[in-house]
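what would the 3D arrangement of this be:
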Amino acid sequence: MPEGNLRQRCGRTRERKLRASDDRSEGRGAKRLIYGRKTTTPTKFNSKWLAGNKINRRHNELRPWTVQLLLYRTVLLAQRWPRRERRLQGIAALPFGTCAPAIIQHLAICITGINLLHLNHLECREDRFISRSEGLMSHCDEMCSLSSLLCECKWLDDGKLRSKKIDHELKKEKRKLRREVTVLLLGSGESGKSTFLKQMVIIHGRGEFTFDEAMEYKAVIYSNILNGMRTLIAARLLYNDSPWEFPERSPMLIQKFTALCPKDLLSQRAISAATFAECASYVAELWEDSALKQTFERRSDFQLPDSCRYFLDNIKRIQQLDYFPTNRDILLCRKATRAITELVFDIQSVPFRFIDVGGQRSQRQKWFECFEGVTSILFLIASNEYDQVLLEDRKTNRLMESRAVYETIVNNRCFYDMSFILFLNKTDLLIEKIAHSDISKYFPKFTGDCRRLADVQLFLLDLFESGLPTSCQSGNRLYCLNPYRRRLEMTSRKVICLFDVDGTLTHPRQKIETECMDYLISLKNRVPLALVGGSDIGKVLEQIDLDLEEACQVFEYVFAENGLFACKRNHIFHSQTIQEVIGEKKLQEFINYCLMYMSKIELPVKRGHFVEFRKGMLNISPIGRTCTYEERKAFVLYDEEHKIRETFLNDLRKRFPVNEYNLHMSIGGQISIDIFPVGWDKRFCLKYLIDDGYTEIHFFGDRTFPGGNDYEIYEDPRTIGHRVTSPEDTMAQLKLLFK
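Predicted coordinates:
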């Protein structure tokens with residue numbers, strides 16, 4: 001029987017029919033709701049009046065003629081039913097008062113057997129039927145007290161009703177749990193698990209914190225600031241490595257702050273705003289002294305929260321009496337996790353449950369209470385802690401502690417079928433740290449550039465992979481680190497993709513298709529892109545259907561005329577022209593000979609613009625560049641048969657030897673020959689890429705055969721050449737290369 005909204009079903013045109021059937025085989029007399037089938041019940045009902053469409057439930061009103069109709073049909077059915085089925089006594093004398101809607105519903109249940117509880121038992125599983133049935137029960141209790149007016153009705157007792165509701169809720173919860181994804185957050189202390197969970201609240205949960213939560217975090221922020229300042233003062237007095245900038249003021253401020261903010265004050269759960277404001281005035285003045293800031297730069301030698309600088313920089317805002325924490329304040333405040341925290345929300349209609357547990361050594365015994373029913377383990381690593389030691393023993397490197405914990409868990413046989421996600425956290429802090437801290441001092445095996453983020457991250461990835469010999473050698477286990485590793489390796493090698501335009505990203509002399517451009521825009525987030533064309537910049541931009549500013553947002557470099565026009569991020573580089581290299585006399589001699597030779601060529605059609613002068617090259621076209629697209633295609637077929645351009649090219653090479661004229665000649669696109677100084681082919685643009693440190697240059701071109709204008713750069717040892725036949729082929733090869 002179909003399930004769904006009863007009110008919607010009642011609005012359909014087909015009739016609902018009722019019949020009372022005595023299901024003796026199952027030992028119960030149940031009146032069933034039958035759709036679209038003939039019944040033995042002699043009276044037919046229009047489904048709309050039964051569904052209550054004539055009753056305005058919103059205003060609790062009943063139209064008088066509806067009462068008469070319902071009474072008539074109810075009495076008629078009662079007379080024609082067998083005596084044992086009758087349940088009404090004295091119905092004709094029934095008065096209707098203010099509770100008429102409830103009585104009508106009650107009569108419908110008594111006479112027709114449409115018991116909403118019964119329907120729920122048979123077919124309906126939606127919450128609205130249960131809640132509506134409970135409402136009918138309450139109405140029935142009131143009406144049954146008027147025993148002289150109503151029949152004796154047999155309802156399910158409260159225990160059975162409660163049992164039905166519990167069963168329904170259990171089934172609903174079971175269905176939800178089958179779809180739920182449970183993620184357990186693990187990691188050593190201060191790896192950022194709680195911060196990750198707070199970010200999930202903002203991004204996928206409520207979007208903001210409640211007032212009570214914000215007030216609780218406000219006290220934590222106060223404590224973080226005062227504790228941080230006490231730690232800085234103690235470290236400054238211990239190391240004494242730099243003099244005070246304000247020697248007459250700072251020592252006195254320290255005494256006042258220490259007296260006003262003793263240790264027992266920080267141990268209190270809540271610090272009042274007035275007390276904090278008084279302490280914060282000293283904190284703000286002390287933080288202005290450069291000596292404390294120099295001590296802060298040595299924070300790897302002592303225990304100080306990463307967010308201390310942020311709160312000290314914002315101390316004047318936080319010390320206001322009406323201060324209310326922002327989302328960023330709450331994200332950056334630090335409080336050790338002592339209990340198990342759960343957060344449930346939906347991501348794209350899929351229920352997720354995140355479980356956060358403390359990462360300190362004293363809290364790790366609680367981890368095993370959380371493994372049951374876990375879909376995946378997200379292990380967080382504070383990647384900036386390579387030069388810090390544990391708070392617990394003050395000697396163990398924090399990164400090595402994380403590695404030991406991760407290796408223990410991931411190699412446990414109990415978790416063989418569980419997926420693990422290794423999360424390199426706190427990248428922003430890592431970028432700040434590698435600028436002044438050499439990782440090779442703490443990890444001598446590091447051989448990369450200690451100032452380069454990709455090299456450091458790749459080393460951290462190798463460090464944690466080296467501890468996974470038992471779990472990741474098996475081919476049955478999904479290894480989730482490969483995509484990120486591939487991206488890091490590409491970043492470490494400085495990979496770039498360099499594209500020809502005509503025939504590679506676009507069809508000949510056509511604009512780029514939307515599908516190809518959309519793919520390039522998505523690819524640029526993974527690998528830098530560059531563009532090189534033999535045409536002038538105007539024609540190149542016309543084919544990719546962008547202006548120069550828009551092109552620089554997609555491509556790291558835009559090269560036209562084989563690189564003589566070079567633009568990087570809207571910065572245009574200066575370069576020479578062809579006449580400056582070979583001289584005006586030789587240039588005119590060459591142009592005159594080309595025009596004379598082409599005047600003797602007989603073709604099916606000839607148009608205009610046979611010699612196009614560009615900044616760094618000449619483009620010679622026997623048919624003329626003003627030919628139509630159809631004439632261009634016809635010339636391609638004619639040229640393949642009669643070798644017009646090939647014959648012309650060989651004649652030019654004999655007439656203008658390279659050792660005398662220093663000119664390189666090659667077949668251009670579909671209708672032309674390119675002439676440019678030696679070394680000014682598409683390899684000319686490579687010097688810009690190599691000067692910027694790119695070590696792996698993937699070139700994609702279609703004219704890569706000997707004599708083609710892509711041949712030299714395709715064969716150049718500095719590039720990895722990819723021969724393509726169309727824009728579709730280019731995208732297919734890119735997807736295989738960067739999948």
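
quick one: low-confidence parts of the stretch 151-300 of the chain?
By pLDDT under 70, the weakly predicted segments of the stretch 151-300 of the chain are 151-157, 176-177, 263-270.

now the stretch 301-450 of the chain
337-339, 358-372.

quick one: the strands in it, in order.
341-347, 350-356, 376-382, 419-425 (DSSP state E, counting those that start in this stretch).

please work out which of the ones you listed is packed deepest.
The highest mean neighbour count among the strands of the stretch 301-450 of the chain, using mean count of other CB atoms under 10 Å, belongs to strand 376-382: a mean of 21. The C-beta positions use only the backbone N, C-alpha and C, and glycine is treated the same way.

tabulate the CA atom coordinates of that strand in PDB.
Extracted C-alpha coordinates of strand 376-382, given in PDB (Å, rounded to 0.1, in the frame of the first residue of the first chain):
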ATOM      1  CA  SER A 376      37.000   7.300   9.800                       C
ATOM      2  CA  ILE A 377      39.800   8.600  12.000                       C
ATOM      3  CA  LEU A 378      41.000  12.100  11.200                       C
ATOM      4  CA  PHE A 379      44.500  12.400  12.700                       C
ATOM      5  CA  LEU A 380      45.700  16.000  13.000                       C
ATOM      6  CA  ILE A 381      49.300  17.100  13.100                       C
ATOM      7  CA  ALA A 382      50.500  20.600  14.100                       C
END
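
can you state the direction angle for it and strand 350-356?
50 degrees (axes from the mean of the first three to the mean of the last three CA atoms, to 10 degrees).

quick one, longest helix in this protein?
Secondary structure of the chain per DSSP state H: the longest helix is helix 211-239.

other SSEs contacting that one?
Counting contacts by 3 or more CB pairs under 8 Å, 6 or more residues apart in numbering; DSSP states H and E, helix 211-239 packs against helix 250-260, helix 263-266, helix 273-287, helix 290-296, helix 308-313, helix 315-318, helix 327-332.

ok and it relative to helix 273-287, angle-wise?
40 degrees.

for helix 211-239, which residues meet the burial criterion?
214, 216-233, 235-236 (16 or more other CB atoms under 10 Å).

minimum distance to Leu736: which of the strands of the stretch 301-450 of the chain has it?
strand 419-425 (25.9 Å; CB to CB).

can I get that closest one in PDB, CA atoms only?
Extracted in PDB, the C-alpha atoms of strand 419-425 (Å, rounded to 0.1, in the frame of the first residue of the first chain):
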ATOM      1  CA  SER A 419      40.000   4.700   6.900                       C
ATOM      2  CA  PHE A 420      42.600   7.200   8.200                       C
ATOM      3  CA  ILE A 421      43.000  10.800   7.100                       C
ATOM      4  CA  LEU A 422      46.300  12.500   7.900                       C
ATOM      5  CA  PHE A 423      45.700  16.200   8.300                       C
ATOM      6  CA  LEU A 424      48.700  18.600   8.200                       C
ATOM      7  CA  ASN A 425      47.300  21.400  10.300                       C
END
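
related to what we said a few turns ago, and the helices and strands packed on helix 211-239 as a markdown table, adding distance to Val527 and mean neighbour count?
Below are these laid out as a markdown table (distance: least, CB to CB, whole Å; neighbours: other CB atoms under 10 Å):
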| stretch | distance to Val527 | mean neighbour count |
| --- | --- | --- |
| helix 250-260 | 51 | 15 |
| helix 263-266 | 50 | 11 |
| helix 273-287 | 43 | 19 |
| helix 290-296 | 38 | 18 |
| helix 308-313 | 33 | 18 |
| helix 315-318 | 41 | 15 |
| helix 327-332 | 31 | 18 |
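
out of these, flag the one nearest Leu453.
Checked against CB to CB, the stretch from the helices and strands packed on helix 211-239 lying closest is helix 308-313, at 20.1 Å.

now the helices and strands packed on helix 211-239 as a markdown table including distance to Gly721?
Formatted as a markdown table, the helices and strands packed on helix 211-239 follow (distance: least, CB to CB, whole Å):
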| stretch | distance to Gly721 |
| --- | --- |
| helix 250-260 | 65 |
| helix 263-266 | 66 |
| helix 273-287 | 58 |
| helix 290-296 | 52 |
| helix 308-313 | 49 |
| helix 315-318 | 57 |
| helix 327-332 | 48 |
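
where in the stretch 451-600 of the chain is pLDDT low?
467-493.

now the helices for it?
In the stretch 451-600 of the chain, the helices defined using DSSP state H, counting those that start in this stretch lie at 453-465, 482-493, 514-523, 537-544, 548-554, 578-582, 584-599.

in CSV: the ones you listed, plus distance to His642.
Shown next, in CSV, are the helices of the stretch 451-600 of the chain (distance: least, CB to CB, whole Å):
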stretch, distance to His642
helix 453-465, 54
helix 482-493, 46
helix 514-523, 33
helix 537-544, 27
helix 548-554, 38
helix 578-582, 29
helix 584-599, 14
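
will you turn those helices into JSON lines that also has mean neighbour count and distance to Thr704?
Rendered in JSON lines, the data for those read as follows (neighbours: other CB atoms under 10 Å; distance: least, CB to CB, whole Å):
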{"stretch": "helix 453-465", "mean neighbour count": "19", "distance to Thr704": "31"}
{"stretch": "helix 482-493", "mean neighbour count": "15", "distance to Thr704": "23"}
{"stretch": "helix 514-523", "mean neighbour count": "14", "distance to Thr704": "19"}
{"stretch": "helix 537-544", "mean neighbour count": "19", "distance to Thr704": "19"}
{"stretch": "helix 548-554", "mean neighbour count": "14", "distance to Thr704": "24"}
{"stretch": "helix 578-582", "mean neighbour count": "17", "distance to Thr704": "24"}
{"stretch": "helix 584-599", "mean neighbour count": "14", "distance to Thr704": "25"}
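
quick one, which of these is nearest to Gly708?
helix 537-544 (18.2 Å).

what helices or strands is that closest one leaning on?
Using 3+ CB pairs under 8 Å, 6+ apart, the elements in contact with helix 537-544 are helix 548-554, strand 557-560.

save those as TSV, and put in distance to His436 too.
TSV is the format used below for the helices and strands packed on helix 537-544 (distance: least, CB to CB, whole Å):
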stretch	distance to His436
helix 548-554	32
strand 557-560	32
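
how about a markdown table for the strands of the stretch 301-450 of the chain, with distance to Thr396 added?
Converted to a markdown table, the strands of the stretch 301-450 of the chain look like this (distance: least, CB to CB, whole Å):
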| stretch | distance to Thr396 |
| --- | --- |
| strand 341-347 | 26 |
| strand 350-356 | 23 |
| strand 376-382 | 14 |
| strand 419-425 | 19 |
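
among the helices and strands packed on helix 537-544, which comes closest to Gly668?
strand 557-560 (14.1 Å).

which residues are contacting the closest one?
Residues outside strand 557-560 that contact it (CB atoms under 8 Å, 6 or more residues apart in numbering): 530-533, 535-537, 539-540, 548, 551-552, 565-568, 685, 688-689.

mind running it again at 6 Å?
Ala530, Leu531, Val532, Gly533, Asp536, Ile537, Val540, Ala551, Ala566, Cys567, Lys568, Cys685 (CB atoms under 6 Å, 6 or more residues apart in numbering).

likewise stretch 286-298?
By CB under 6 Å, 6+ apart, stretch 286-298 touches Leu232, Ala235, Arg236, Ser242, Trp244, Glu245, Phe246, Ser250, Leu253, Leu312.

report how many residues lie close to the fourth one.
Going back to what we said before, that points to Ser242. Neighbourhood size, Ser242 [other CB atoms under 10 Å]: 15.

so it, which of the three states?
Secondary structure, DSSP: H, G, I helix; E, B strand; the rest coil: Ser242 is coil.

quick one, what contacts it?
Ala291, Gln294.

distance of it relative to Asp716?
54 Å (CB to CB, to the nearest Å).

having no further points to raise, I will conclude here.
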